[in-house]
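Engineer: Structure for the following, please:
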Amino acid sequence: MRIDRRGLLFGGTVSAALVAGGARKARSASPLKIGLVLPMTGPFASTGRASETAVRLWLEERGGRIAGRTVELLVRDDTGVADTGRRLAQELVVREGVDVLMGFGLTPIALACAPIAEQAGKLMVVTAAATSIITERASVIVRTSFTLPQATLGIARWAPKNGLSSAVSLVSDYAPGHDAEKAFEQLFTAAGGTVLEKLRAPLQSPDFAPLLQRAKDAKPQALFVFVPSGVGAQLMKQAAERDLAGAGIRLIGTGDLTDDDILPQMGEVAIGTTTSHHYSAAHPSPENERFQANYQRLSGGRRPNFMAVGAWDGMELVARALERTGGDAEGKKLVEAAKGLSWTSPRGPIAIDPATRDIVQDIYIRRVERGKDGELWNVEIDRIPAVADPVKAGLVR
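Structural biologist: Numbering: from 1, shown residues only. As a prediction, this is how the structure comes out:
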């Protein structure tokens, strides 16, 4: 099914028999406009592709309607640039009259768009960006993705308990990377570990080779890595070239490193890499089995990743909040309706913290293994239930 980047109308008209009262009838008969702002081209295009596919799948399975209203989806390509994202969000609000803004693949774009959503009073659902502060930048933001400290908590606590007492951290040099670096150092140290060195790689066109050599020279037991979705394959290749494994250095990190979308192409070098994250395509549940099968059908065989599940749950959040408001898409009402929502996602049980508007979810320890099908998978080996953002919970300062 081809997507029209300028907007796609799902479903048909709403029967007047389903609506009570004149005002409610008019509201329910009008399409619900959702503006999806994502990097569809450029170095982070995999985020946009996965997110859009999940949104289209959600709509397909529900006949293109939410709370009796047809959905008009307007997809806009921010190319991974904050100024472009801000301009597109402004156009979606002013020219297109969208009811909901959604997506935001990178933190700088989410932060740039937050004032627009706040001023317009539009619900802004962050389905990808992961810096802790995002929900604090506008009262209309609700997040269905994760925070980097949330994902980092699992591996930072697991590593010292499993013989890894010294580490070097290597992160991408932007806000989520800074979050991951700080969270790993504080949580790893609190669990008895020692961080020997902290390294940062440029976000755009990174060359990890010299940083990996510095990490190797420090002789840690583990190298903790955070890089954005899609960049892990390059780092993994360069780590193999420097034979970190031969030097006795275990590769650990957040799940972005072994993104399900690109893991099958990483090869033998990825086997044994241990990460913590909130979703794996290998998660054993009926909800995930169905999600994965239908996503692969719609995407031409690609696996869903954590970006996809964030977008899927973003649509679920909008639907459940709109049901609570009786179809009223006024932003503040939707935000209030979203607070405290909980449901079983393909990733497992999730909830929206009413105090922070951030997601609470299980965090899984995963190890890359070759499955019976011969492909690489992030196999869950442990679980930490109901993890809130550690920064807002006071565990990371």
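Engineer: Distance of Leu322 relative to Leu298?
Structural biologist: 23 Å (C-beta to C-beta, to the nearest Å). Any C-beta I mention is one placed from the backbone N, CA and C, and that applies to glycine too.
Engineer: Could you do Asp77 as well?
Structural biologist: Per C-beta to C-beta, Asp77 is found 20 Å from Leu298.
Engineer: who's more crowded, those two?
Structural biologist: Neighbour totals were compared for Asp77 and Leu298, and Asp77 leads with 19 against 16 (other C-beta atoms under 10 Å).
Engineer: After the host helix or strand of Gly48, which helix or strand is next?
Structural biologist: Element membership of Gly48 [criterion: DSSP states H and E] is helix 45-61. Sequence-wise, the next helix or strand downstream of helix 45-61 (DSSP H and E) is strand 65-66.
Engineer: partner strands of that next one, parallel or antiparallel?
Structural biologist: strand 69-77 (antiparallel) (DSSP bridges).
Engineer: what is the orientation angle of the very next helix or strand once past the strand it pairs with with strand 69-77?
Structural biologist: Note on strand 69-77: by DSSP H and E, the next helix or strand toward the C-terminus is helix 82-94. Counting by axes from the mean of the first three to the mean of the last three C-alpha atoms, to 10 degrees, helix 82-94 lies at 150 degrees to strand 69-77.
Engineer: Can I get helix 82-94 in PDB, CA atoms only?
Structural biologist: Extracted in PDB, the C-alpha atoms of helix 82-94 (Å, rounded to 0.1, in the frame of the first residue of the first chain):
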ATOM      1  CA  ALA A  82      15.100  20.700  14.300                       C
ATOM      2  CA  ASP A  83      14.300  23.900  12.400                       C
ATOM      3  CA  THR A  84      12.600  21.800   9.700                       C
ATOM      4  CA  GLY A  85      10.500  20.000  12.300                       C
ATOM      5  CA  ARG A  86       9.500  23.200  14.000                       C
ATOM      6  CA  ARG A  87       8.400  24.700  10.600                       C
ATOM      7  CA  LEU A  88       6.400  21.600   9.700                       C
ATOM      8  CA  ALA A  89       4.700  21.400  13.100                       C
ATOM      9  CA  GLN A  90       3.700  25.100  12.800                       C
ATOM     10  CA  GLU A  91       2.200  24.400   9.300                       C
ATOM     11  CA  LEU A  92       0.300  21.300  10.600                       C
ATOM     12  CA  VAL A  93      -1.200  23.400  13.400                       C
ATOM     13  CA  VAL A  94      -2.000  26.600  11.500                       C
END
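Engineer: one step back: residues touching the helix holding Gly48, excluding its own?
Structural biologist: Under the contact criterion C-beta atoms under 8 Å, 6 or more residues apart in numbering, helix 45-61 has outside partners 1, 3, 10, 36, 38-41, 71, 73, 75, 77, 102-103, 105-106, 127-128, 229-230, 259, 261-262, 291, 294-295, 298-299, 302, 304-305, 307-312, 314-316.
Engineer: Buried ones in that helix, by neighbour count?
Structural biologist: By 16 or more other C-beta atoms under 10 Å, the buried positions in helix 45-61 come out as 45-59.
Engineer: and which of those is nearest Ala239?
Structural biologist: Lowest distance from Ala239 to the buried residues of helix 45-61 (C-beta to C-beta) belongs to Ser46, with 20.3 Å.
Engineer: Please report the distance of the closest one from Ala128.
Structural biologist: The gap separating Ser46 from Ala128 is 11 Å, by C-beta to C-beta.
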